[in-house]
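**Q** Fold the following.
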Amino acid sequence: MTSTNGIGHGRIRLFDGDGLTPAQKAIYDTVVNGPRGRMVGPLRAALHSPELADRWSKLGEYLRYKTSLSPVQSELAILVTARHWSSDTEWAIHADIARVVGLDSGIIEAIRRCITPPFTDPDQALIYEYARQLLQTGHVSGEIYNLLHKRFEDVWLVELTALIGYYSMVAMTLNAHSIPRPHNSRESLLPIGGEPSRLPEISPDAIGALFAGNSLSRVADVQPAE
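**A** Here you go, the predicted structure:
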């Protein structure tokens, strides 16, 4: 029986470098010799369609490595996306990266558990809430949007939104095909069934308190979301 939680062999053939067509091999070599350094995650499935995999790889490389977001900002948005879609493989890959680039471990664990993260940086709280709203409702409130727009340029907002959309596609692909997470990762969302699936809101008032220098724990409920 194939697992649906990101652990196992997947529901379709997942390419690892062997038995590739020339078109697949060209893309595989580009990926493993590029900044990713290895073929993991959704590209293992996308490689069934070399043209799709080629375009997917280029878009993903740009959004992960070349946007105006800092690495911490990017990984925070990706973790919110992974948690929303309960994508164990996306979480396993990016929780490791988030720790390396410097995202606070308490924030990572809170997102994993679907409780209010202990943000001290108001920009991180805004990114979290922007991503949470967009993923859970398909929209972003004018208040949150305007707060971010005062802090960052138009291109930053466009790239943040594209990042969230791209990693939603990644999460769906990983989940649908049960693409396994890296064997060397200790990070996991499991057991998914015992945890809430919706992240809690951080209100504009709570974010304003962060800008005023107060701790988020003083103004936000830290209990799991309903």
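**Q** So what touches stretch 13-26?
**A** Outside stretch 13-26, the residues within contact range by C-beta atoms under 8 Å, 6 or more residues apart in numbering are Tyr28, Val32, Met39, Arg44, Ala45, Leu47, His48, Pro50, Ala53, His177, Ile179, Pro180. C-beta here means a position set from N, CA and C on the backbone, and glycine is covered the same way.
**Q** can you count the residues close to the third one?
**A** Pointing back at Met39 there. Residues contacting Met39 under the criterion other C-beta atoms under 10 Å number 19.
**Q** repeat for the one 10 residues further on
**A** When counting by other C-beta under 10 Å, one arrives at 13 neighbours for Ser49.
**Q** what's the spacing between it and Glu61?
**A** Applying C-beta to C-beta, to the nearest Å, the value for Ser49 to Glu61 is 18 Å.
**Q** Present the contacts of stretch 13-26 as TSV; the columns should include distance to Gln73.
**A** Listed next are the contacts of stretch 13-26 as TSV, based on distance: C-beta to C-beta, whole Å:
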residue	distance to Gln73
Tyr28	30
Val32	27
Met39	26
Arg44	27
Ala45	28
Leu47	29
His48	32
Pro50	32
Ala53	27
His177	29
Ile179	26
Pro180	28
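**Q** Check which helices and strands the helix or strand Asn146 falls within is in contact with.
**A** Secondary structure assignment for Asn146, by DSSP states H and E: helix 142-151. Under the contact definition 3 or more C-beta pairs under 8 Å, 6 or more residues apart in numbering; DSSP states H and E, helix 142-151 sits against helix 122-137, helix 154-176, helix 204-211.
**Q** To Ile78, which of the ones you listed lies closest?
**A** helix 154-176 (5.1 Å; C-beta to C-beta).
**Q** What's the separation between Gly19 and Ala77?
**A** 36 Å.
**Q** which one of those two has more residues nearby?
**A** Taking Gly19 and Ala77 together and counting by other C-beta under 10 Å, Ala77 has the greater number of neighbours (25 against 9).
**Q** what about the closest residue to Leu52 other than its chain neighbours, how many residues close to it?
**A** Closest residue to Leu52 apart from its sequence neighbours, by C-beta to C-beta, 6 or more residues apart in numbering: Ala46 at 5.4 Å. By other C-beta under 10 Å, 22 other residues sit near Ala46.
**Q** what do you get for Glu51?
**A** With other C-beta under 10 Å as criterion, Glu51 counts 10.
**Q** what about it, which helix or strand?
**A** Going by DSSP H and E, Glu51 is in helix 50-65.
**Q** May I see the buried residues of that helix?
**A** Residues of helix 50-65 classed as buried: Pro50, Ala53, Asp54, Trp56, Ser57, Gly60, Leu63, Arg64 (neighbour count, 16 or more other C-beta atoms under 10 Å).
**Q** chain center to stretch 168-182: distance?
**A** Distance of stretch 168-182 from the chain centroid (C-alpha atoms, centre = their mean, to the nearest Å) equals 12 Å.
**Q** How about stretch 121-133?
**A** 13 Å.
**Q** can you pull the buried residues of that stretch?
**A** Pro122, Asp123, Gln124, Ala125, Leu126, Ile127, Tyr128, Glu129, Tyr130, Ala131, Arg132, Gln133.
**Q** again with stretch 128-147
**A** Buried residues in stretch 128-147 (16+ other C-beta under 10 Å): Tyr128, Glu129, Tyr130, Ala131, Arg132, Gln133, Leu134, Leu135, Val140, Ile144, Tyr145, Leu147.
**Q** and which of the residues you listed is nearest to Trp85?
**A** The closest of those to Trp85 turns out to be Leu135 (C-beta to C-beta; 8.0 Å).
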